[in-house]
Structure formats: structure tokens, C-alpha cells
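A.B. asks: What follows is a predicted structure for the sequence shown.
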Amino acid sequence: MKDNARNSASAPMTGFRWTICAMLFFATTVNYLDRQVLSLTWDEFIKPEFHWDESHYGTITAVFSFVYAACMLFAGRLIDWLGSKRGYLWAIGIWSAGACLHALCGIVTEHCVGLHTAAELAGATGDVVVVIATVSMYCFLAARCVLALGEAGNFPAAIKVTAEYFPKKDRAFATSIFNAGASIGALVAPLTIPLLAKACGWELAFIIIGVLGFVWMGFWVFLYSAPAKSRHVNAAELAYIEQDSRDGQQEEQHPAREEKPMNFIQCFRYRQTWAFALGKFMTDGVWWFFLFWIPAYLNTQFGIKTSEGLGMALIFTLYAITMLSIYGGKLPTIIINRTGLNPYAARMKAMLIFAFFPLVVLLAQPLGTVSPWFPVVLIGIGTAAHQSWSANIFSTVSDMFPKSAVATVTGIGGMAGGLSSMLMQYGAGELFVYAGETGLTFMGFEGKPAGYFIIFCICAVAYLAGWCIMKALVPRYKPIVTD
């Protein structure tokens, strides 16, 4: 039956590639839900219980970013070795277990300091407060490290699957769809996680969100196979997926030859790898800063808590605006169809457009003196631009590298992005504590608001700087063909 359906030339093209894209979307949604639980619970629920300040939280998020970066370096290579199916299962299984482990941090802290309830932890005084803060921080660090180990596999696996199931002209759009899962996760999180934490305790919030990953694994086991082996993909769809191998223009420039595996060290010899990695380094820290710090920003700047109606509405609005990024992946396809530019040139043109939008974040603090809605809307525009940029920068890898190296190079870039996030998270935490203690002034703002303004300025210009570096390293489309 499968062979008959595959060989029937008259059968209409199936659309199973979009089912696979939907699976990538849900995996990314769960990925970002798991990341968001801590950012949405620490300031209101965890901080009072364990006596944290911004430096504790900054250290936790920085270490998470560092471990994520280190694991990304090897996660892509591991997924290229294991294959998309097994690699994705291992990744989401580990990160879901890590998410659930957070719920044990309170129990471990109570045991270590000799207390018995959360109320006793919160009511502690004197030197024991320092012990509670330190022990609990290390407990969360351990859980975050397991989470980072698994989450490092998400994007290398998703980009590899996208390269397997979509032709080059559609990859940025497919990437923008599954990458929108990050925005959906961030959108759903403030509507659910604070309420879960308030009603059932922050521990149960980690467990419930963590279990979603195990549910996803069950569907992936039965749905995923390589396109050529999938019983859900017919001949017409397979021909569409593999159209690049018959693209006349590319065949003239790069005659068909047997693709040989690219070893790990070899990837670093190409400017294309460094362009992708430095583009990620310049911009990923921006997205992660907004993801991890916006709830704390609203509380610090405006006294708005995420468990309150206004707090939920503000964060929902921010990530609802971010959802506009789904059209960002479509722009290169439009440019290709109208101008005939190659995929890389069209993507770089689109990315330059997106790089200008984050400049509006420069106005977030000045207009925040009028209403909290202004910074939320402006930051939302910036995060929408980031996700549009992200969908396209990921696709530059599959544009220029053979499929056998896509996950590896994606992992290398992810490592660079994770290092960027580590520096941003740790620097922000230390800056906010310093600004609060010294009354730091910047552009008319004082204390922690001045610290936020400084970080916003960095975020606003990061994309233009990243684009210039990428363009300098790889000025023209130059796909890599292994000999």
C-alpha cells in the first residue's frame, strides 16, 4: 500500500511535512514553557521563601546559559550521529526530567538546613538566611543544569528536521512557524504558571509543565520517519521536498556529488560557521534577557506582579506582539519569488530590515514614565524582530551546509548564543544589585531603572552590529560542498 501510494504520479501531494512542522512547534512551545516557570515564579514565590536577591537569580540564569552553551556545542554533533528521531527523544526526555527536578529544591534545602516547612524557611533570620539562600541556589543550579543539557538539543534537532522535510525556499517560513512556539510558550506561561503557583504551589507548576514533554515523546515515536521512509509522504510531496537536488541554477554552480560527512573540527574552518556563530552571539542574549527578566522588570519598575491581572495582561500583550514574527520567515520567500535572489541574499536582506526594529527599545524607559504599556509594546516589537531574525539566521545554516552537518553547525551557533546569554544574565544581575545599592544614575534614571535602561540600550543596537559582522564574513552566497 505504501509503495503504491508513493509511486502513484496522479495522487495529489500530501502535506505531512506540515504535521512534522507542527510537532517541532509543540516541542519548542514546551521548551520555552519549561524555561519560563522559574522567571515567572522566582520574584513572587521563590525569592521570599529562599531569601534571594537579583544576584542569586542572575547567577542561576547565567549558569543555565553557560551549561546550555557548552552542551549546544556537542548536542548538534550528537543529533547528527543519533539521527533526528532518537536525538530529539533523548533531548526532550532529559529536559522534561530536569524541569520536574526543580520541585525537589525546597525539600532538599529544608533537609540541609534542618527546617521542616516552607514557612520556616521564609521566616528564618540571622546567619541561617545566608545558608538557605546559598543551598537553595545550588539546588536550583543543579536542576537548571539538567534542564540545559536536554534543551540544548531542541534547536539543532528542529533545524535538522526542517532541512530534511522542506526545500530551501520554504525553510525560513517553516522555521518561523516552529520558532513561534517560543512566543506561544512565553504567551501561555504568564496566563497559567503564576496561577498554578498561587493555587497549588510553585513546585507543582514545575511538575505539570515538565510532564508535557513526556506526552510529546509519545507522539514523536509514532509520527516521525525520514521523508523517503515515511508512509505518510507520497511521491509528489517527496519530489517537492527534494526539489533542491534538481535545481538547475544550483546544479550549474555545484554539480551533484556524493555528500561526505563533515567532521566536527572541519566545521570551524569555514567563515560560514563563524558568521552564524557570531550572529547568534550578538543577538541571543537579548532574547534571553527579555525572557528571564521582564517579570522582574515589571515588579521593580512598576510594582506589578505576574499573578495579578494587569501583570498577566502586560506579558500576554508583549508575547502576542512577538507572534507577528511568523511573517518574518515568509519575507525571504517573497523576496526570492519577486527578485530571483539566492536564498542567502534574500535572507540577509530580510535580516537587515528586522535589525532596525529593535531600535525602538531605546524609547522603552523614557515612555515608561507615562505608562507601563509603552515599554511592553516597544519591547514586544523588539522581540518580534528577534524571532524573525532568528528564523532566518537558523536557515542560513541549511542554506550553506550539507544536511549531515546542519545540526552540528547549529549547535556551534547555539553555544555562541548561550555564552552571550550567560554574560547578559550574570552582568544584568550584578548591575541591578549595584545600581540599587549605589543609586546609579543614567540618562535621568536612578537605581535599578537606570540599570534596565543600560541593558535596553545594548539590546537595541545588537542586531545591526550582528548583521554587519555576518555580512563582512560571508558577503555572498557560498554553499559548502564536501569532497
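C.D. replies: The structure has been received and is ready for your questions.

A.B. asks: rest of the way, CA atoms for contacts and neighbours
C.D. replies: OK.

A.B. asks: what mean pLDDT does stretch 152-172 have?
C.D. replies: Across stretch 152-172, pLDDT averages out at 86.

A.B. asks: so how far is the first residue of it from its last?
C.D. replies: The first and final residues of stretch 152-172 sit 20 Å from each other (CA to CA, to the nearest Å).

A.B. asks: starting at the chain centroid, how far to that stretch?
C.D. replies: 14 Å (CA atoms, centre = their mean, to the nearest Å).

A.B. asks: Stretch 398-405 now?
C.D. replies: How far stretch 398-405 lies from its chain's middle: 21 Å, per CA atoms, centre = their mean.

A.B. asks: what pLDDT, on average, does that stretch get?
C.D. replies: So the average pLDDT for stretch 398-405 ends up being 79.

A.B. asks: pretty sure M415 is touching M72, no?
C.D. replies: Yes: counting by CA atoms under 8 Å, M415 does reach M72; the two are 4.9 Å apart.

A.B. asks: how much space is there between A235 and F222?
C.D. replies: The spacing between A235 and F222, counted by CA to CA, is 21 Å.

A.B. asks: ok, which stretches of the chain are strands?
C.D. replies: Counting by DSSP state E, one finds strands in the chain at the ranges 441-442, 445-446.

A.B. asks: Name the nearest residue to V161, ignoring sequence neighbours.
C.D. replies: Nearest residue to V161 in three dimensions, chain neighbours excluded: S84, at 6.4 Å (CA to CA, 6 or more residues apart in numbering).

A.B. asks: what's the burial count for the closest residue to P372 other than its chain neighbours?
C.D. replies: Of all residues not flanking P372 in the chain, F302 sits nearest, at 7.1 Å (CA to CA, 6+ apart). When neighbours are counted by other CA atoms under 10 Å, F302 registers 15.

A.B. asks: And for V370?
C.D. replies: 10.

A.B. asks: And P190, by the same measure?
C.D. replies: By the measure other CA under 10 Å, the count of residues near P190 is 27.

A.B. asks: if I look at it, how far off is W216?
C.D. replies: 21 Å.

A.B. asks: Also T441?
C.D. replies: Distance of T441 to W216, given as CA to CA: 48 Å.

A.B. asks: Among these two, which residue is more densely surrounded?
C.D. replies: Using other CA under 10 Å, the more surrounded residue of T441 and W216 is W216, with 18 against 15.

A.B. asks: what's the more buried one in contact with, if anything?
C.D. replies: Contacts for W216 (CA atoms under 8 Å, 6 or more residues apart in numbering) come out as 26-27.

A.B. asks: same thing but 10 Å
C.D. replies: W216 makes contact with 23-24, 26-27, 30, 89, 92-93, according to CA atoms under 10 Å, 6 or more residues apart in numbering.

A.B. asks: Let me see the contact set for A119.
C.D. replies: Counting by CA under 10 Å, 6+ apart, A119 touches 48-49.

A.B. asks: same check, this time on F178
C.D. replies: So F178 contacts 20-29, 155, 158-159, 162, 172, 184, 326, 391 (CA under 10 Å, 6+ apart).
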